[in-house]
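Student: I'll drop the sequence and a predicted model, then ask my questions.
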Amino acid sequence: MVKYLNGKYRPKYFKNFKEFCTSLNIPNQSIDDYTDDYVSENDNYVVILFNDYRDFKGANENDNFSDDIVVCYDKDTNKITKYYYTGLDNEYLHDIDAFIN
């Protein structure tokens, strides 16, 4: 998945939720709160952030768009177990949903 995303988009990856909050200058909260208890600190997860304007249809350099997806995975099989999409509808990112499914 990382190879696919890096080939098509300009994502940033965070395995630590505090680093993700710091990078966006948002108040530090828990992954539980951020995902409405769908993802917990006990899950193996990575937060994938899309905040490059080129990853948004019709955006320009002055736009400050960002979307993120929290992907949970099984460490033994490296398979995705669930994901939580927190961003707004972004036409460029629709195929990520299809890829994950």
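Tutor: Great, that's in hand. Numbers count the residues shown, from 1 in each chain.

Student: Which residues are in contact with Asn6?
Tutor: Counting by Cβ atoms under 8 Å, 6 or more residues apart in numbering, Asn6 makes contact with nothing. (Glycine included, C-beta is placed from N, CA and C.)

Student: again, but for Tyr84
Tutor: Contact partners of Tyr84, counting by Cβ under 8 Å, 6+ apart, are 35, 38-39, 69-70.

Student: let's go with 10 Å and repeat that
Tutor: Tyr84 is in contact with 31, 34-36, 38-39, 45, 47, 68-72, counting by Cβ atoms under 10 Å, 6 or more residues apart in numbering.

Student: Among these, name the buried ones.
Tutor: 31, 34-35, 39, 45, 47, 68-72 (16 or more other Cβ atoms under 10 Å).

Student: now the strands for the chain?
Tutor: For the chain, the strands defined by DSSP state E cover 12-14, 45-50, 67-73, 80-85.

Student: could you dump those strands to TSV with mean pLDDT and distance to Pro27?
Tutor: Listed next are the strands of the chain as TSV, based on pLDDT from 0 to 100; distance: least, Cβ to Cβ, whole Å:
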stretch	mean pLDDT	distance to Pro27
strand 12-14	95	16
strand 45-50	93	16
strand 67-73	90	16
strand 80-85	87	19
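
Student: a markdown table for the ones you listed, including distance to Thr22?
Tutor: Formatted as a markdown table, the strands of the chain follow (distance: least, Cβ to Cβ, whole Å):
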| stretch | distance to Thr22 |
| --- | --- |
| strand 12-14 | 9 |
| strand 45-50 | 12 |
| strand 67-73 | 14 |
| strand 80-85 | 20 |
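
Student: Just tell me which of those strands ends up closest to Phe99.
Tutor: In terms of Cβ to Cβ, the element of the strands of the chain nearest to Phe99 is strand 80-85, at 9.6 Å.

Student: Can you mark which positions in that closest one are buried?
Tutor: Quick answer for strand 80-85 (16+ other Cβ under 10 Å): 83-85.
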